[in-house]
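Colleague: With the input below, show me the fold.
(2 chains)
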Amino acid sequence: MTADELAWMPLGLPEPNVVVAVSVNGTTVTEQVPARLSAADFLRHRLGLTGTHVGCEQGVCGMCTVLVDGEAVKSCLMLAAQLDGRRVETVESLAPGGMLSPLQECFKASHALQCGFCTPGFLMTATALAAGGAKRSRAEIREELAGVLCRCTGYEFVVDAVEAHLAAGAGTAADD
Amino acid sequence: MTEVAVPEAPARADRDPAVLGTSTPRKEDDRLLRGEGRFTDDVGRAHTVEMAVGRCPYPHARIVRVDVAAALELPGVLQIITGAEAAARSGPIRILRPVPGAPVIPHYALAEGVATYEGQPVVSVAAVSRHVAEDALDEIEIEFEPLPHVTDVISALAPGAPVIHPDVLDSNLLVSNPQGSGDADARMREADVVVEGRFFVNRVTGLPMETRAVLAEWRAGELTVCISTQVPHLVRKQLAESLRIDEGSVRVVASDVGGGFGLKLGIYPEDVVACLHAMSLRRPVKFVEDRNEHFRATTHGRESVHDYRIAARADGRILAMSDTYANDLGGLNSPFGSSQLSTVVFNGPYKVDDGFVERRVVVTNKTPIGAFRGYGQPEVNFAYERLIDTLARRLRMDPVELRAMNMVKPDEFPWVNPVGAIYDSGDYELCLRMAAEAVDWAGHRSAGHGPRPADGRYRGIGFSSYVERTGYASGKFLAARGSDFGAHEGVNIRANRSGGLDVYTGVSSIGQGSETVFAQMCAEFFGCDYDAVTVHAGDTATSPLNTGSFASRTVIAAAGALLDACARLRAKTLRIAAHILGVADPGQLDITGSAVQHREDLTLMVPLSSVFQRAILGQGLPEGESPGLDETAYFDPPHAAYSFGTAAAVVAVDAESGEFDVQRFLMVHDCGTPLNPKLIEGQVRGGLAQGLGQALAEELVYDPETGQLVNGTMMDYFAPTACDLPPIELMHTAVPSPVTPLGVRGAGEVGAIPAAAAVANAICDALSDFGVELDRLPITPELVWRALRGKVLAGA
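Modeller: Modelled structure (predicted):
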């Protein structure tokens, strides 16, 4: 069966299923999923990557932000089927070893999280931002982070954390 | 105020680094940063069934018929529960914080007969997946007969309004609570000037990023409930009551909670229904509220109408203050129901002997109101602080001087306000002066009004001074109000063989940082390293009975319990160590990080891990010493502590269009002795973001014609993003409270209180030449434009 081939699978439910082959945090997984399963639910409930959260299921709150082929996207607005052949990174990819990543350390040092439910969304958004390499003003950082809502922090310390991370980052941005 | 002994922290040798009082990084952060938090929907159980709920789409309707036959035929559907069945299998949901004197409105898990708000649960489906459960909801036929509805407190009280709960009430007035002392009416008659206003406070939602979620599992007579809640032990109590089972059969676990803000206090109907499914299906049942459900079925906050009056002498001295306010309860009385603190702090920081306040609680056909950060204090602050500025204009006085002359002075504490609240201590005027200085109030006053040449806009500065009651004044105080919970916290601390301390608490981690602050306190009071303390939060099976995380009370109450438990644990540790080291007097020993050491002979030392291992092993102990190092302590705070401060906003307003910018926002606050300054700043900033959201953009809007919530989605409700908040500057004073352990005051809610009044006062100051007096929230450019236009038309 090819990956993008729709199949009616007799799982006890009359539900169309589809096979997805996707690279998630560097590992290729092949899973048979209901056609209507969202990418966020796929990551959370099929792959057990529960660091990606769901907050509104309409692409507003940003809790479910992950990287798809390097771009920050809201995974509640994608179907699992649309991940076929793509490369996905979730918050679980940031600190694969024992140590927190520099970005995560900046969040910790800045007290950029309280309940932590939105934090993976900010981390993945900031990861994409840092990969872009461009210099960012504080106002631009705020614009970039506006796709993720937070009810605990008032954002100031989140902006502090991202600013500190970008300032300390690679050096290429600062040298421009 | 009676003198009550408040435990004090033991005098400790200076340790490097100090832990308590510093901005120690949080215990909670590592797991949350890695995406390894355990929010309720992250918890899995084998063979879990998912639940979806069918809700009433009308504000008020009779449920004529529910036909589930077709839905039951759907493959994968396991069970459907209707209102009649839920009522047969469970008792009503009890109120935790009743309004004094209010009759009980029956509140069952599923509506039976009549539903009283849009979003009320009517029927529930358990199925192999949420997809299938929702498919089944489409197949359920419910015949509703819409009934006349009311969607605001004024029309709900009008003669002839449909009575929403006719079995219990003759009208939609649930109860009215007049309180006060002196003779406010007489002072109003005698006064040189009386100002009054009707202030409309908007209905908003706390909107935690994690919606409600519950996972119920029933195995061999034990119900294990993972739930997103601020109060695991109160959820245990309420579930046992509603399900009519022994509390011993119920274990409640709240590991990580994705924000609470007052919305996750006590049980909701869906929690009961999930348990009913789990108990009859003998399979775990999960319910995760979606966001559209959250907007309709999780409690809202704030909506109220305040009729406020202030009487004063010509020199500005306030003679009397009165507030008659109506709180919109919504269609049912949720566990925390109508906010109650508008009464307690109705006079804010102002000294007045003659005061009267009446709370009227009104039923409407909207989502039930519940607690939300501040619980009445932001609402009444908007009313009295708006009116103070109106009074200043009437008297042609400087509003800062008017505030200062009427504030309770530092040497007047303790001071009892007209409704019996005991203000403990503080320097209210200092905070006001600091705020005025920081925004150059004097320079602004001398610059005069009128448009500024640079951009043609009008500049304005507004202030809001406040007090906030933090914590509860003892279990006795709560008992007098019929509250179904205590004021205490309990902690259990156990030494472990690795040389560390395990702290068990029923306070769940909702973002407030209690794991961190509890560990800081434990390290300080016991003497060990911060890293050696592990806090285990939110599991009723392991933690001692407690109250929970709300009302800015946790640190106040927990500090007392931690002090007591640590003192006993420390004494026993030193006795055992003295025995090991052959020292006669344990008082000659001290705990220094990871060891017990002699105070003079520093070579005499034993690692804490050795002491703990010996205690746990229970061998080689001093004669008569019991095995184990395990202490549980409770603390009931004798009094509440009052936080205080002043916020200031600087605005620029376009008098043609009503558009405005908040150019600066500043707050000077005092929450007593700071235990972790960075966490306090985080709390204050978070509260301010919600306060500014309420002030500038947020409002749950109901269409009066249809009774429908018109903006109940994340797309249509404007919670502030990172781009939407003005620059915020914080300053603080630190006056220790004499009535709490360590002198702390609560900090969790304070930011939400003064934002709206400060911004409104700034705009009214900017537009004072036009006579604009804003009386409602949120303050949008349209509202300002309408107010300007009203004045222009009135003038013409």
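Colleague: residue contacts, whatever residue of chain A ends up closest to chain B?
Modeller: Closest contact between chain A and chain B, by CB to the nearest CB, is at A:Gly51 (1.8 Å). Using the backbone N, CA and C atoms, a C-beta is placed for each residue, glycine as well. For A:Gly51, the contact set (CB atoms under 8 Å, 6 or more residues apart in numbering or on different chains) comprises A:Thr90, A:Val91, A:Glu92, A:Pro120, B:Arg34, B:Gly35, B:Glu36, B:Gly37.
Colleague: Identify the residue nearest it in space, chain neighbours excluded?
Modeller: Spatially, and ignoring its direct neighbours in sequence, A:Gly51 is nearest to B:Gly35 (1.8 Å; CB to CB, 6 or more residues apart in numbering or on different chains).
Colleague: Give me the domain ranges for chain A.
Modeller: What automatic domain parsing lists as the domains of chain A is A:6-92, A:102-171.
Colleague: And the longest one, how far out from the chain middle?
Modeller: Spelled out, that is domain A:6-92. If you compare the mean C-alpha spot of domain A:6-92 with that of the full chain, they lie 11 Å apart, counting by CA atoms, centre = their mean, to the nearest Å.
Colleague: And for the last one?
Modeller: The gap between where domain A:102-171 is centred and where its chain is centred comes out at 13 Å by CA atoms, centre = their mean.
Colleague: which of the domains of chain A is buried the deepest?
Modeller: Mean neighbour counts were taken over those using mean count of other CB atoms under 10 Å in any protein chain shown, and the top value, a mean of 22, falls to domain A:102-171.
Colleague: returning to that earlier point: and B:Glu145, which of the domains of chain A is closest to it?
Modeller: With CB to CB, the closest approach to B:Glu145 among the domains of chain A belongs to domain A:6-92: 31.8 Å.
Colleague: sorry, back to before: quick one: contacts for the residue nearest to A:Gly51?
Modeller: Residues counted as contacts of B:Gly35 (CB under 8 Å, 6+ apart) are A:Leu49, A:Thr50, A:Gly51, A:Thr52, A:Thr90, A:Val91, A:Glu92, A:Leu94, A:Pro120.
Colleague: can you list the domains of chain A in CSV and add distance to B:Ser594 and mean pLDDT?
Modeller: Converted to CSV, the domains of chain A look like this (distance: least, CB to CB, whole Å; pLDDT from 0 to 100):
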stretch, distance to B:Ser594, mean pLDDT
domain A:6-92, 33, 91
domain A:102-171, 23, 95
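Colleague: Alongside chain A, which residues does the stretch 151-300 of chain B contribute?
Modeller: Counting by CB under 8 Å from any CB of the partner chain, the residues of the stretch 151-300 of chain B lying close to chain A are B:206-211, B:256-259, B:261, B:290-291.
Colleague: now do the same end-to-end measure for stretch B:357-373.
Modeller: 21 Å (CA to CA, to the nearest Å).
Colleague: right, I mislabeled it, should have said stretch B:652-662
Modeller: Across its full length, stretch B:652-662 reaches 7 Å end to end, with CA to CA as the criterion.
Colleague: related to what we said a few turns ago, which two in the contacts of B:Gly35 are spaced the farthest apart?
Modeller: Distances among the contacts of B:Gly35 were taken as CB to CB; the most separated pair is A:Thr50 and A:Leu94, at 14.7 Å.
Colleague: is the residue sitting nearest the centre point of chain A in a bridge, and if so with what?
Modeller: Chain A has A:Val66 as the residue nearest its centroid, 1.7 Å off, counting by CA atoms, centre = their mean. In this structure, A:Val66 has the following beta-bridge partners (DSSP bridges): A:Val73.
Colleague: One more: B:Leu730?
Modeller: Counting by DSSP bridges, the residues bridging with B:Leu730 are B:Met667.
Colleague: That one: neighbour count?
Modeller: Counted with other CB atoms under 10 Å in any protein chain shown, the neighbours of B:Leu730 add up to 18.
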